[in-house]
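**Q** Build me a structure from this.
(chains A, B and C)
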Amino acid sequence: MFKAEIKSETLKGLVNIISTLIDEVKFTITPEGMTLKAVDPAHVAMIELNIGAKAFESYSAGNTEIGLDLDKVKTVIKLAGPGDIIAMEQDDSKGRFIFRIGNITRSMNLVDTSSMSDPKVPQLSLTANAEMLVDQLQRGIRAAESISDHISLRAHPQFFELSCEGDTDDSSLKLEGSELESIDVPSEVHSLFPLDYFSNIVRAIPAGTKVRIELDSDFPVKLVFSLANGEANVMYLLAPRIESD
Amino acid sequence: MFKAEIKSETLKGLVNIISTLIDEVKFTITPEGMTLKAVDPAHVAMIELNIGAKAFESYSAGNTEIGLDLDKVKTVIKLAGPGDIIAMEQDDSKGRFIFRIGNITRSMNLVDTSSMSDPKVPQLSLTANAEMLVDQLQRGIRAAESISDHISLRAHPQFFELSCEGDTDDSSLKLEGSELESIDVPSEVHSLFPLDYFSNIVRAIPAGTKVRIELDSDFPVKLVFSLANGEANVMYLLAPRIESD
Amino acid sequence: MFKAEIKSETLKGLVNIISTLIDEVKFTITPEGMTLKAVDPAHVAMIELNIGAKAFESYSAGNTEIGLDLDKVKTVIKLAGPGDIIAMEQDDSKGRFIFRIGNITRSMNLVDTSSMSDPKVPQLSLTANAEMLVDQLQRGIRAAESISDHISLRAHPQFFELSCEGDTDDSSLKLEGSELESIDVPSEVHSLFPLDYFSNIVRAIPAGTKVRIELDSDFPVKLVFSLANGEANVMYLLAPRIESD
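**A** You can find the predicted model right below:
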């Protein structure tokens, strides 16, 4: 059983994040909230999302699983205006999921989740930590575009740098001092990542969101941030590109 | 002879409606106003438009016919800013039609109307009647998109419903109570219509316009509405898709 | 040596004008400012641009040449917000050009200017002169679009006219009286020009800019205007299309 109401903006924010990785998803539902673990088809990135019941306007659920096609959920969200409440309901008997926005009812087949196994989330202990507003990362990505397919993240005890090296052009964004919310880097580390993946996730995070980046040399990067006024927590892992010299 | 001035917004509204059906049109001109009857190339929809002289800022005409290419008229309208007056004049001797917007003069060949016959408008007596703001219909269409090529209209003594049934998805917009301006349905009726035609005309109607829908089972639907502060009246007929069970 | 700071809007305005003609450019640098002379690949139009040191927020240079790819400069400008200052520096030793916008550093290879010779600017004495806001020219161009590939400019002692003649359509914009800043035409002249070139340069000029047009029959047209609060002067020449009757 699952029945809940959510602000259209909140649902949109969550769907935008998940759909950077994958279209068909399985939510694991409990009376306390929903969780999702997903890996992209190329196994380059992984997301773990925990949405507490308080992220919803109302929430009532047993223990169940729900499979949804996010492309369809996006078309539903577009029917809602700002401030609209979207009601959601699982109709188990018919294998349907139902959205209601005012006098509109939209129902769709549930996606079969029997073949969807939860990816195992690796436990990583990364030495460097920095926190900044996502807006800074978004600026760094714009500067990197059209220069290379990869972006280098570098954490130094005094600064955090996003840079990009092309055949004829370079770009760099260096964050230090008040441009960082916090920085805790014992010794300098850096890794190279695919720009498209990094760009997709960073662009999907709403402006003004504080992001914690955990980094090490030639390890995956971990992005941690909250949505829905802190009631939804996201952990995103992106594999490095190992440079061969 | 035909010489008239019209607000750019009014002309735009009229052209948007007609061009959902057809590009080259024949207006029948009298001293009292203009009329147009047109059917789309596939003979699925028909429009009858009556524009009274009062829809114009100034109007002076004899009995004549004017053939215009609406795609060209649209490029003229784009030259006008909001609030601009567009002056129009037929130059019979040269077979030209002239638009003036401030210091811009734009003239074009008249379209030959000799082969354009007026379609015969069928007299239909449809049992169900409902009136609503076009905004409600526009929401119903957005909800139906990407689900099916057809939309079902259903009139019930208590409600009016737009719905759509796809292979895996359904959508429905149910209007009742204060969401309707009026409803007069002796007994439930419904018909199925091509979504693209219905969508094109409903989207072309300016937000805030009151639309009367006349419906019967497996009959064309009739949409009746006014533009230009009630000085232009539109009747639109759309053929149903007959369902074979 | 070259080191300067410029408002992003000023740089954008200058780049927009030059890139209507050519992508890779050579700036000739002196302690007093920069100049550029360029002709488009088809040798139909020519531009001469003089940017005084006062167009910059700060300016410090010796005598040198700088070759830049304007497409890349445009991507740099997009990284700047309104009001941002863009710092520029030539790194001669590495053959690099460096832009800085806040905490973003963007560097690129200088374009080799050794094969770029300055075109010789012809000395023309054109009899007709008219000045108007570029906004009027922009309206005239919009009216001419989709009618013909050429635009006719006509200067008359009392008016200045942009017109276009197609197979079935004509358009005309006639400027007179207060629509002109000044007019000095001893006797009527007119020439025909390629609409795409004329349209590209006129659209690139910021709204509100006063443009002087110098015209003669079957001669190039000369457009003269200033940017950067009068600190950058532009002269643009466009070859006529000679009509053969």
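**Q** going forward, measure contacts between C-alpha atoms and count neighbours the same way
**A** Noted.
**Q** residues in contact with the spatially most distant residue from the centre of chain A?
**A** In chain A, the greatest distance from the average C-alpha position (C-alpha atoms, centre = their mean) is reached by residue A:168, at 32.6 Å. Taking C-alpha atoms under 8 Å, 6 or more residues apart in numbering or on different chains, we find residue A:168 in contact with C:108, C:109.
**Q** and it, backbone torsions?
**A** Residue A:168 adopts backbone torsions of phi -120, psi -10, taken as degrees, to the nearest 10.
**Q** Check the one 3 residues further on too.
**A** With angles defined as degrees, to the nearest 10, residue A:171 shows backbone torsions of phi -140, psi 150.
**Q** Surely it and residue C:100 touch.
**A** No: using C-alpha atoms under 8 Å, residue A:171 is not in contact with residue C:100, being 9.7 Å away.
**Q** Looking at those two, which one has more neighbours?
**A** The residue with more neighbours, out of residue A:171 and residue C:100, is residue A:171; 27 against 21, by other C-alpha atoms under 10 Å in any protein chain shown.
**Q** domain assignment for chain A?
**A** A:2-109, A:128-217 (automatic domain parsing).
**Q** circling back to that earlier point, what's the overlap in contacts for residue A:171 and residue C:100?
**A** In contact with both residue A:171 and residue C:100: residue C:106, using C-alpha under 8 Å, 6+ apart.
**Q** Quick one: name the residues of chain A near chain C.
**A** A:139, A:140, A:142, A:143, A:168, A:169, A:170, A:171, A:172, A:173, A:174, A:175 (C-alpha under 8 Å from any C-alpha of the partner chain).
**Q** if we can go back for a sec, next one: the residue farthest from the centre of chain A from residue C:69, what distance?
**A** Applying C-alpha to C-alpha, to the nearest Å, the value for residue A:168 to residue C:69 is 11 Å.
**Q** can you list the residues of chain A near chain B?
**A** A:76, A:79, A:103, A:104, A:105, A:106, A:107, A:108, A:109.
**Q** The third one: neighbouring residues, count only.
**A** Other residues near residue A:103 number 15, with proximity taken as other C-alpha under 10 Å.
**Q** Can you pull out the low-pLDDT segments for chain A?
**A** Filtered on pLDDT under 70, chain A yields the residue ranges A:243-245.
**Q** how about stretch A:181-190 as CSV, C-alpha atoms only?
**A** The C-alpha coordinates for stretch A:181-190 follow below in CSV (Å, rounded to 0.1, in the frame of the first residue of the first chain):
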residue,chain,number,x,y,z
GLU,A,181,31.5,26.5,3.0
SER,A,182,34.2,24.3,4.5
ILE,A,183,37.3,22.4,3.5
ASP,A,184,39.2,19.6,5.2
VAL,A,185,42.0,18.3,3.0
PRO,A,186,45.0,16.6,4.8
SER,A,187,47.1,16.6,1.6
GLU,A,188,46.4,17.4,-2.0
VAL,A,189,44.4,14.8,-4.1
HIS,A,190,43.0,14.9,-7.6
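**Q** okay, which residue is most central for chain A?
**A** residue A:17 (3.8 Å).
**Q** would you say that residue is within a helix?
**A** Yes: counting by DSSP: H, G, I helix; E, B strand; the rest coil, one finds residue A:17 located in a helix.
**Q** Is it in contact with residue A:205, as I believe?
**A** Yes: if you go by C-alpha under 8 Å, residue A:17 and residue A:205 touch, sitting 6.8 Å apart.
**Q** ok so, going back, now for the residues of chain A next to chain B: which two are most distant?
**A** Distance extremes for the residues of chain A next to chain B: the farthest pair is A:103 and A:109 at 20.3 Å, using C-alpha to C-alpha.
**Q** Now the buried members of the residues of chain A next to chain B.
**A** A:76, A:79, A:104, A:105, A:106, A:107, A:108, A:109 (16 or more other C-alpha atoms under 10 Å in any protein chain shown).
**Q** can you tell me how far the fourth one sits from residue B:161?
**A** By that I understand residue A:105. 11 Å.
**Q** Overlap of the contact sets of these two?
**A** With C-alpha under 8 Å, 6+ apart, residue A:105 and residue B:161 have common neighbours B:172, B:173.
**Q** returning to what we had before: any chance of the residues of chain A next to chain B in a markdown table, plus secondary structure?
**A** Listed next are these as a markdown table, based on three-state DSSP:
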| residue | secondary structure |
| --- | --- |
| A:76 | helix |
| A:79 | coil |
| A:103 | coil |
| A:104 | strand |
| A:105 | strand |
| A:106 | strand |
| A:107 | strand |
| A:108 | strand |
| A:109 | strand |
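**Q** Now flag whichever of the residues you listed is closest to residue C:50.
**A** Distances from residue C:50 to these, taken by C-alpha to C-alpha, are shortest for residue A:79, at 53.2 Å.
**Q** didn't the closest one look like it was pressed against residue B:142?
**A** Yes: under the criterion of C-alpha under 8 Å, residue A:79 makes contact with residue B:142 at 6.8 Å.
**Q** tell me the contacts of residue A:35?
**A** A:27, A:28, A:29, A:48, A:49, A:50, A:51.
**Q** Which of the three states applies to the fourth one?
**A** For residue A:48, the secondary-structure state derived from three-state DSSP is strand.
**Q** likewise the first one?
**A** Reducing the assignment to helix, strand or coil with three-state DSSP, the entry for residue A:27 is strand.
**Q** Name whatever forms a beta bridge with it.
**A** Beta-bridge pairing for residue A:27 (DSSP bridges): residue A:66.
**Q** what's around it, how many residues?
**A** 20.
**Q** Same check on the fifth one?
**A** Taking other C-alpha under 10 Å as the neighbour definition, residue A:49 ends up with a count of 22.
**Q** what bridges to the nearest residue to it once chain neighbours are set aside?
**A** Spatial nearest neighbour of residue A:49, excluding adjacent residues (C-alpha to C-alpha, 6 or more residues apart in numbering or on different chains): residue A:234 at 4.6 Å. Legend: beta-bridge partners of residue A:234 under DSSP bridges are residue A:49, residue A:225.
**Q** is it true that residue A:234 touches residue A:48?
**A** Yes: using C-alpha under 8 Å, residue A:234 is in contact with residue A:48, at 5.8 Å.
**Q** Need the three-state assignment for residue A:207.
**A** Applying three-state DSSP: residue A:207 is coil.
**Q** thinking it is in contact with residue A:134, fair?
**A** Yes: between residue A:207 and residue A:134 a contact is recorded at 6.2 Å, counting by C-alpha under 8 Å.
**Q** These two: who's more crowded?
**A** residue A:134 (21 against 13).
**Q** mind listing what the more buried one touches?
**A** Counting by C-alpha under 8 Å, 6+ apart, the residues that residue A:134 touches are A:202, A:205, A:206, A:207, A:208, A:209, A:210, A:211.
**Q** just to revisit the earlier point, for the residues of chain A next to chain C, name the two members farthest from one another.
**A** Of all the pairs that the residues of chain A next to chain C form, the one spanning the most space (C-alpha to C-alpha) is A:168 and A:175, at 23.8 Å.
**Q** Pretty sure residue A:91 is one of the things residue A:98 touches, is it not?
**A** Yes: with contacts counted by C-alpha under 8 Å, residue A:98 reaches residue A:91, the gap being 7.2 Å.
**Q** Not counting residues beside it along the chain, what's closest to residue A:219?
**A** Nearest non-adjacent residue to residue A:219 (C-alpha to C-alpha, 6+ apart): residue A:240, at 6.0 Å.
**Q** what number of residues lie near the one you found?
**A** There are 22 residues near residue A:240, going by other C-alpha under 10 Å.
**Q** Could you check how far the residue farthest from the centre of chain A is from residue B:76?
**A** The value you get for residue A:168 to residue B:76, if C-alpha to C-alpha is used, is 47 Å.
**Q** Nothing else from me, thank you.
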